[in-house]
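[1] need coordinates for the below:
(chains A and B)
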Amino acid sequence: MPTVAKERPDAGVAAPPGGPQTGPKTKNSPRYAGWKRFRSSRTLLLLMVPGVVYFLVFHYGAFVGNVVAFKEYDPFAGLWGSQWVGFGNFSRMFGDPDFWHATWNTLYIAVLQLTFYFPVPLAIALLLHSLTSDLLRRFVQSVVYLPHFLSWVIVVALFQQVLSDTGLLNSFLGDSGLHTVDIIGNPDAYRPLVVAEVIWKDAGWGTIIFLAALMQVDEQQYEAAAIDGAGPWRRFWHVTLPSIRPIVVLLLIMRLGDILSVGFEQMLLQRQSVGPEVGEVLDTFVFWQGIVGGDTGYAAAAGLFKGLVGALLVFVANRIAHKLGEQGVYK
Amino acid sequence: MEKPKPVTKAAKGVAVLVLLCLVLVPFLVIVSTSLASNKEVVANGGWVLWPSEPTLRAYENILSGGIVTKALGVSIGITVVGTLLSLACTACLAYALSRPGVYGGKPVLLVVLFTFLFPPGMIPAFLLVKGLGLMDTYAAVIAPVLINVFNLVVLRGFFQGIPEELYEAARLDGAGDWATFWRIALPLSKAALAVVGLFYAVSYWNAWFTASIYLESGHWPLSQVLRTYVIGGAQIADTGLSEAGMVSAPQTTQMAVLVIATVPILLVYPFLQKYFTKGVLTGAIKS
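    Numbering: from 1, shown residues only, chains lettered A, B, ... in the order given. Below is the predicted model of the structure:
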């Protein structure tokens, strides 16, 4: 880039008077420099081709398909042949109690996750960080990271095996003469269940980023605080917490921006066991309307709405972070 | 710093123990149940913590042909082919974007990073796969997720970290861009390529949703079989599974399927673990 910028001013000066001023083949002209750079990059450009084609087709090409949100999709007429309906799908959506119900369920579960999931990785990270034996810490780390790499299908199956009425927990409770608990397939227990699943799968993995932040805290600060007579609690409050605050804020913002998503595969896998009353969230609503129900335009409208609100939320959350003097996701 | 009190120490010990049990006990139960005999599982009410006479009966049954055997083959195929294609395309694009002064490098990078902010959405992605005629082909579960932006950023960062002098020396020896990529950049990035490859492999192995909407039952990978027969509770007797001479209780069979789906992850996990902390962090800082 800088070389091009430098060549630009002397391009006109160096050109012989009366000769051709511009044109792709003229030496020293900016367009010639660009052409030269293009020529010399041709191997690299070839290397880019498969990747660029992928992004153009499966991201930008697919994105264009969102026009279906403004159409009454007819599979026989195809995407372009279908009737335009303007904002018809959207106004229908705003009047659809099922849509608002799914939105409510999504927000409900997201808030539960924020309250009960969010502090867990931090707590585990603090516990791990306080272990004095390196070997033990590494072993525990390896174990708690593991569930993150299992698919949701496996995690849901595991939970069913452990918590169903014939599962591990209930036979243990039954054998000990205690009350058994009805969890799997019980709508009242569904929300705590899905939050527990998220905690089991990802809380361990979530510690990575907190551990890295804790490692950066200057040991001398703790020592200085201890000399000044600060006990473990005050050291935590005045040294540990301020040093990890930026990362906590960052993660909160990212979660807030993503508050309309609550684990699509996880929800879809269990929706039928409890029914749409508690099991329907926005993503499964889109899936059920569009792919199962064939109401494609309507579902795309809901999906697009969710995407736009999500983008807006990231933007707003980021602004708030800047106002609070934090870094945020982007500048 | 002062020594921790014995009470604190004990509390920590208990917390660590609980943590380990919460993660490991479910695995133990699944593996034990899959290895137990039919009778023992029924007598114990559906699960076993430690089999008294371990048997591989359940595994022999599901691996001797039928739905699970087929699904295992499909899952392995998708994982191997998908990982190789993804790795090749990601490495090529990442290398091209890592070289300074490449024509169009900046706009292309922006085009790529922008997709991170605005994913196309479920319905448009579905319509595209349908429109391209990929329904019920294995391409439908590979092509739409061919390159992961996160992996791309990690690899690009790694290529950028290679000292420029090495490229310069190769160029003086007459090597073109392709030769520097193939002989310098790739061999020096084996560790990074291994990590990114493992990440791709895990995600292809775990992929469920795309398989469930794009593939017909004859082409199902293990994840969808697991969903139908273990989570969905479909009767295994109704399926090809019974043709394999099923004698064990469905419960042991189900657990065996669950184990088979989990084991590959457990096998690659130590390798993943060795590198991912570094990879995740560099990626997180870059983005």
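[2] I figured residue B:36 hits residue B:54, correct?
    Yes - with contact taken as Cβ atoms under 8 Å, residue B:36 and residue B:54 are classed as touching, separated by 7.2 Å. The way it works is simple: take the backbone N, C-alpha and C, and place the C-beta from them, glycine included.
[3] who are the contact partners of the closest residue to residue A:252 other than its chain neighbours?
    Residue nearest to residue A:252 in three dimensions, not counting chain neighbours: residue A:118, with 7.5 Å by Cβ to Cβ, 6 or more residues apart in numbering or on different chains. Residue A:118 makes contact with A:251, A:252, A:255, according to Cβ atoms under 8 Å, 6 or more residues apart in numbering or on different chains.
[4] the second one should be in a helix, yeah?
    Same thing as residue A:252. Yes - counting by DSSP: H, G, I helix; E, B strand; the rest coil, residue A:252 is located in a helix.
[5] quick one: pLDDT of it?
    If you check residue A:252, the pLDDT there is 84.
[6] just want to know which of residue B:36 and residue B:54 has more residues nearby.
    residue B:36 (29 against 15; other Cβ atoms under 10 Å in any protein chain shown).
[7] and residue A:78, how many residues sit next to it?
    Residue A:78: 12 neighbours (other Cβ under 10 Å).
[8] residues contacting it?
    residue B:131.
[9] now residue A:256: closest residue in space that isn't a chain neighbour?
    Nearest residue to residue A:256, sequence neighbours excluded (Cβ to Cβ, 6+ apart): residue A:317, at 4.5 Å.
[10] where does the one you found land on pLDDT?
    In the predicted model, residue A:317 carries a pLDDT score of 81.
[11] wait, isn't it in contact with residue A:249?
    No - with contact defined as Cβ under 8 Å, residue A:317 does not count as touching residue A:249 (9.6 Å).
[12] which one's more surrounded, the two?
    For the pair residue A:317 and residue A:249, the greater number of neighbours falls to residue A:317 (21 against 18), based on other Cβ under 10 Å.
[13] state the distance from the more buried one to residue A:324.
    For residue A:317, the distance to residue A:324 under the criterion Cβ to Cβ, to the nearest Å works out to 11 Å.
[14] with residue A:178 instead?
    Residue A:178 sits 48 Å away from residue A:324 when distances are taken as Cβ to Cβ.
[15] closest approach to chain B from the stretch 151-300 of chain A, which residue is it?
    Using Cβ to the nearest Cβ, the single residue of the stretch 151-300 of chain A nearest to chain B is residue A:151, 3.4 Å away.
[16] surely residue A:69 and residue A:92 touch.
    No - with contact taken as Cβ under 8 Å, residue A:69 and residue A:92 are classed as non-touching, separated by 11.3 Å.
[17] between these two, which is the more surrounded one?
    When residue A:69 is set against residue A:92 and neighbours are counted by other Cβ under 10 Å, the residue ahead is residue A:69, at 26 against 16.
[18] quick one: pLDDT of the more buried one?
    In this prediction, residue A:69 carries a pLDDT score of 93.
[19] could you do residue B:235 as well?
    51.
[20] try the one 4 residues further on
    Residue B:239 is assigned 42 on the pLDDT scale.
[21] what's the answer for residue B:262, then?
    The model reports residue B:262 with a pLDDT of 90.
[22] quickly find the element holding it.
    For residue B:262, the host element (DSSP states H and E) is helix B:250-286.
[23] so what's the residue count around residue A:131?
    Residues contacting residue A:131 under the criterion other Cβ under 10 Å number 17.
[24] ok, for it, nearest residue in space, not its chain neighbours?
    Here the nearest residue to residue A:131 in space, its sequence neighbours aside, is residue A:137; by Cβ to Cβ, 6+ apart that works out to 4.4 Å.
[25] pretty sure the one you found contacts residue A:130?
    No - between residue A:137 and residue A:130 there is no contact under Cβ under 8 Å: 9.2 Å.
[26] looking at the two, which has the bigger crowd around it?
    Counted by other Cβ under 10 Å, residue A:137 and residue A:130 do not tie: residue A:137 has more neighbours, with 17 against 14.
[27] next one: the more buried one from residue A:127, what distance?
    As judged by Cβ to Cβ, residue A:137 and residue A:127 stand 10 Å apart.
[28] can you pull out the strands in the stretch 1-150 of chain A?
    A:71-72, A:83-84 (DSSP state E, counting those that start in this stretch).
[29] got the buried residues for stretch B:164-177?
    Buried residues in stretch B:164-177, defined by neighbour count with 16 or more other Cβ atoms under 10 Å in any protein chain shown: B:167, B:170, B:175, B:177.
[30] so the third one: helix, strand or coil?
    Yep, that's residue B:175 we're talking about. When the structure is reduced to helix, strand and coil (three-state DSSP), residue B:175 reads as coil.
[31] the closest residue to it other than its chain neighbours - how many residues pack around it?
    Sequence neighbours aside, residue B:183 is the residue nearest to residue B:175 in space, at 6.8 Å (criterion: Cβ to Cβ, 6+ apart). Around residue B:183 sit 13 other residues, with neighbours defined as other Cβ under 10 Å.
[32] so what does residue B:183 have for phi and psi?
    Listed backbone geometry of residue B:183 is phi -100, psi -20, with angles given as degrees, to the nearest 10.
[33] now do it against chain A, distance only.
    Counting by Cβ to the nearest Cβ, to the nearest Å, the gap from residue B:183 to chain A is 13 Å.
[34] ok, now how distant is residue A:307 from chain B?
    6 Å.
[35] name the element that residue belongs to?
    For residue A:307, the host element (DSSP H and E) is helix A:296-323.
[36] same for that helix, what does it pack against?
    Using 3 or more Cβ pairs under 8 Å, 6 or more residues apart in numbering or on different chains; DSSP states H and E as the contact criterion, the neighbours of helix A:296-323 among helices and strands are helix A:88-94, helix A:241-257, helix A:282-287, helix B:122-131.
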